[in-house]
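Sequence first, predicted coordinates after that:
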Protein chains: 2
Amino acid sequence: MLKEFKVEKTPDKEELKKKVKAEQERLAKSQMKIKEKKLPIMVIFEGWGAAGKGSVIGKVIKELDPRFYSVATMSAPPTAENKRYPFLYRYVVEIPEAGKFKFFDTCWMEEVTSGVFNKTLDDKGYEKRIDSINTIERQLSDNGYLVMKFFFHIDEKEQKKRLKDLKDCKNTKWRVDKGDLWQNKHYEECFEVYDRYLKDTNRDHAPWYIIDAKDKDNATYQVLSYLNQGIDTALSNQSKAAPIRQNIFPLRKTPLLKDIPLDKELSDEEYKKELKKLQKKLRDLHNVLYRKKIPVIIAYEGWDAAGKGGNIKRITDALDPRGYIVHPIASPEPHEKARLFLWRFWNRLPRTGHIAIFDRTWYGRVMVERLEGFCSENDWQRAYNEMNEFEHELTEEGAVVIKFWVQIDSDTQLKRFTDRQNTPEKQWKITDEDWRNREKWDLYEDAINEMLQKTNTKFAPWYILESVDKKYARIKALKIVIDSIEKAIKEK
Amino acid sequence: MLKEFKVEKTPDKEELKKKVKAEQERLAKSQMKIKEKKLPIMVIFEGWGAAGKGSVIGKVIKELDPRFYSVATMSAPPTAENKRYPFLYRYVVEIPEAGKFKFFDTCWMEEVTSGVFNKTLDDKGYEKRIDSINTIERQLSDNGYLVMKFFFHIDEKEQKKRLKDLKDCKNTKWRVDKGDLWQNKHYEECFEVYDRYLKDTNRDHAPWYIIDAKDKDNATYQVLSYLNQGIDTALSNQSKAAPIRQNIFPLRKTPLLKDIPLDKELSDEEYKKELKKLQKKLRDLHNVLYRKKIPVIIAYEGWDAAGKGGNIKRITDALDPRGYIVHPIASPEPHEKARLFLWRFWNRLPRTGHIAIFDRTWYGRVMVERLEGFCSENDWQRAYNEMNEFEHELTEEGAVVIKFWVQIDSDTQLKRFTDRQNTPEKQWKITDEDWRNREKWDLYEDAINEMLQKTNTKFAPWYILESVDKKYARIKALKIVIDSIEKAIKEK
């Protein structure tokens, strides 16, 4: 990419200023349409040190309404706190919502190429990062995001001159860091690394635009005109449906719900004995987990009144409250609905050593959202792979992901619903919606079977909790959590 | 890709037959919608020798109306005749038209992986092929094609067994070729090559689907269900606009039309002398060209009445009629309009050693089609890059590409139009459309300037022929053709 790029003569200064102004106005004019069409726009600025990204961003946003954009400054290396999350986390939480711009002053590229420069990232690690980045950029694009990527290019001599000028002035001295100086000294080596990265991530949905950054007005003009063009293209799209990709993740065998025997039970006595023993064990493990910096994600799905709440309670009873959090997942808030559907889960990921328990999860996409028509058919069909990719990313980054399906039969549900209805202190637990959902039991069962078949991966398995006897289900859940954590500790 | 693929247990035979039948009917049902929506569908079958591609194709088309599909059998290695065209040529001429299926029994993959197996393709050559393939697949997709790619996978043991069974029967013996046997002997090596190819071409617009081909009904079912899913996705798309990519090709400096002096002229005497000398030289060169197997493409564009016809005549007068062809390009025929817009030019490429002269060209896309609204804005904006890619492919494969813009001013055109109108034997040359186009002179001039700026590449340059004095323009054209051919001969 960089190798092919040819620097052109800078156009006439006066002419350029007029063109910049025209493009700024063009961008300002498209704001209302972007809002109306709910287009989220992610603009990524990467490039050489001292190439002038910051000042160009300033000019790009000049005519924009501050309510419609924000800037994420990501150029500092990840902090110790950042490192307690998956690599992509600190970027993904920053993505724009529908109808708005987010300008990234460096993004995932910078972190990866820096890793190559300072040799903290080997070839295999690099490949893994490239896969993660291509995957998230594809997901964003498939979900309607416009992703524009600009690489600011200057040559060795120009960079040297700029760094010297910055260093020589006492007001700007602080802006030159060791990395910039190192980069200039190893310009050719860096050039190769950048060129390779740009080639590896120059995907069809989100191609790179290389910006000749020698002249600031010229760089501004290039960015603005590519950006306006990209926006025009995106605004002319209507319900772009993305291909449903073949599953490439290893799947476990999964029975159909109807074939799962539900007669398993435990006596009160056995239950109490086991519960005490297992909770003690989990309590101890939680400490090891913390020391070993392993993040754990426990996802609960199940029929209404299957006993999710009580099950979760038996897990959390054993945990130190400083080390876990339970996320009850209801329908998405407006600011969540306005982003990539997985965003609100990215946003709730546990740091290393912590446990996040999700009471209902991202799988709502292929159950309630599918059946109630809250998303398009292409959306939920694509989601199986998107969710597998999400969980793959988490486990590749060291997390333990456990998914529980809490299973009961339709008669048991009816009994529990009726009981709730007839018991004053339980009435809050039953709503008209529960009864309506119950009418769609068969449709749900088909959707759940498909979900379990398609997302029961080796790295993030589904476990069925037979919960006609809630005691049995609780003990089984505790055992699985303990086993999974022990395995992760052993492998760490 | 292949490495991640896991063979599942084959489902129950009876169940499978029912599912195949259902998918066949689903496919048949979508035919009318495919026709209505004018969706062109390119289905590519690749895979191991003896994996059963042919018989599955037979089952896939079973319920289709023969008017809506055809099969291209490409599995034979390229013939000597094929090799006289660019690598992609024999495939591109076979692409389906809008509303129809084309099933490819192997396509460009087979030729590339075979080249790696028999070591006729080194690493650099392989990379070049991958670029060509990713580019044409993207172009097809950007132009509304659904491209579905299936790789038929069987393991070493299964392949061995099948080859043995085929060999042992005198009716099928002929179907086992040396290549298949070699492949089985070097299964692991081939596996690596296939895996790499699949990974390198697994693009977002046209992902690979790996088919577990151990059982034929199962393979048929997998192909049909992926195909039906792909069709559903494509049919739900509406005016999918593709990103306008940044130019990566080296461009030459290009003046604006208004800055080109048009006062150049030649005396009759000089003209005759030069013409004779240059035509003699070109005649000789044509022979060398033929022996050296260099294909030449000369593209003419220019204002109405600029003198294209007479200019072309002075070139062809010097050529052996067996070695050149002139393609007058009018508006596309229905069967041409129903395909990738570059298809009708792919279809008219010269073989090695031959010269193809285009009287008007693919550049119609960014002139008349742009200004008359015969294509969408995204179409013509994308076309600059698509045409550069097209010409890059041709020159990379050894062709000489020369592009002439025959330039006159508006007054000269008016004089010639009036002259044509007033001269009975020239009246056929002037139509109402010519007068209408003339009214849009300024719009055309802007479009032409943009075209020249964006497509004046180093490998396929534009040359301005100043044609107020037609004699001058003819001599200049001859010189440029001669120079370009001499340069190509020297470099060969």
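Cool, got the structure. Here the structure is a predicted model, which is why all the values come from computation and not from measurement. Numbering: from 1, shown residues only, chains lettered A, B, ... in the order given.

roughly how far apart are A:Leu278 and A:Arg474?
With distances defined as C-beta to C-beta, to the nearest Å, the gap from A:Leu278 to A:Arg474 amounts to 9 Å. To be clear about C-beta, it is placed using only N, CA and C from the backbone, and glycine gets the same treatment.

er, A:Leu140 actually
When C-beta to C-beta is applied, the distance between A:Leu140 and A:Arg474 equals 39 Å.

can you check A:Ala299 too?
Taking C-beta to C-beta, one finds A:Ala299 at 16 Å from A:Arg474.

How about A:Met109?
46 Å.

do the same with A:Asp12
Counting by C-beta to C-beta, the gap from A:Asp12 to A:Arg474 is 76 Å.

For those two, indicate the residue with more neighbours.
Neighbours of A:Asp12 and A:Arg474, each counted by other C-beta atoms under 10 Å in any protein chain shown, are more numerous for A:Arg474; the result is 24 against 10.

A:Gly125 - nearest residue in space that isn't next to it in sequence?
On the basis of C-beta to C-beta, 6 or more residues apart in numbering or on different chains, the spatially nearest residue to A:Gly125 that is not a chain neighbour turns out to be A:Gly115, at 7.2 Å.

quick one, what contacts that neighbour?
With contacts taken as C-beta atoms under 8 Å, 6 or more residues apart in numbering or on different chains, A:Gly115 has the following neighbours: A:121, A:125-126, A:129.

Using the three-state scheme, assign A:Asn449.
Three-state assignment for A:Asn449 (DSSP: H, G, I helix; E, B strand; the rest coil): helix.

For it, which non-adjacent residue is closest in space?
Among residues not flanking A:Asn449 along the chain, A:Leu256 sits closest, at 5.4 Å (C-beta to C-beta, 6+ apart).

For the one you found, what are phi and psi?
Reported as degrees, to the nearest 10, the phi and psi values for A:Leu256 are phi -80, psi 150.

For it, give its distance to chain B.
Plainly put, A:Leu256 is 13 Å away from chain B if you go by C-beta to the nearest C-beta, to the nearest Å.

Which pLDDT value belongs to that residue?
A:Leu256 is assigned a pLDDT of 96 by the prediction.

Surely it and A:Ile448 touch.
No. With contacts counted by C-beta atoms under 8 Å, A:Leu256 stays clear of A:Ile448, the gap being 9.6 Å.

between those two, which one's more packed in?
Using other C-beta under 10 Å, the more surrounded residue of A:Leu256 and A:Ile448 is A:Ile448, with 20 against 12.

who's in contact with the more buried one?
Neighbouring residues of A:Ile448 by C-beta under 8 Å, 6+ apart: A:257, A:367, A:405.

same question, A:Gln159
Here A:Gln159 is in contact with A:48-51, A:180, A:183-184, A:187 (criterion: C-beta under 8 Å, 6+ apart).

where along the stretch 201-350 of chain A do the helices fall?
For the stretch 201-350 of chain A, the helices identified by DSSP state H, counting those that start in this stretch occupy A:216-235, A:268-292, A:308-316, A:334-337, A:343-346, in order along the chain.

And for the stretch 1-150 of chain A?
The residue ranges that make up the helices of the stretch 1-150 of chain A, judged by DSSP H, counting those that start in this stretch, are A:13-36, A:53-60, A:89-92, A:108-117, A:123-142.

And the residue nearest the centre of chain A, how close does it get to A:Ala206?
Nearest to the geometric centre of chain A sits A:Trp346, at 4.4 Å (C-alpha atoms, centre = their mean). In this structure, A:Trp346 lies at 19 Å from A:Ala206, with C-beta to C-beta as the measure.

repeat for A:Ile154
Between A:Ile154 and A:Ala206 the distance, using C-beta to C-beta, works out to 23 Å.

again with A:Lys216
For A:Lys216, the distance to A:Ala206 under the criterion C-beta to C-beta works out to 25 Å.

mind checking how far A:Lys476 is from chain B?
With the distance defined as C-beta to the nearest C-beta, A:Lys476 ends up 27 Å from chain B.

Chain neighbours aside, what residue packs nearest to that residue?
If you skip the residues right next to it in sequence, A:Lys476 has A:Leu465 as its closest partner in space, 5.6 Å away by C-beta to C-beta, 6+ apart.

on that earlier part again, please convert the buried members of the contacts of A:Gly115 into ChimeraX selection syntax.
Taking 16 or more other C-beta atoms under 10 Å in any protein chain shown as the burial criterion, the selection of buried members of these in ChimeraX is written as:
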select /A:121,126,129
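
Could I get the contacts of A:Gly115 in CSV, plus columns for pLDDT?
As requested, the contacts of A:Gly115 are arranged in CSV below (pLDDT from 0 to 100):
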residue, pLDDT
A:Leu121, 95
A:Gly125, 95
A:Tyr126, 97
A:Arg129, 96
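
Tell me the one of the contacts of A:Gly115 nearest B:Ile312?
Within the contacts of A:Gly115, proximity to B:Ile312 (C-beta to C-beta) peaks at A:Tyr126, which comes in at 53.8 Å.

Now do the same contact list for the closest one.
Residues counted as contacts of A:Tyr126 (C-beta under 8 Å, 6+ apart) are A:112, A:115-116.

cool, and A:Gly307?
Shown in contact with A:Gly307 (C-beta under 8 Å, 6+ apart): A:406, A:408, A:467, A:470, A:473.

nearest to chain B, of these?
Here the nearest of those to chain B, counting by C-beta to the nearest C-beta, is A:Val406; it sits at 27.1 Å.
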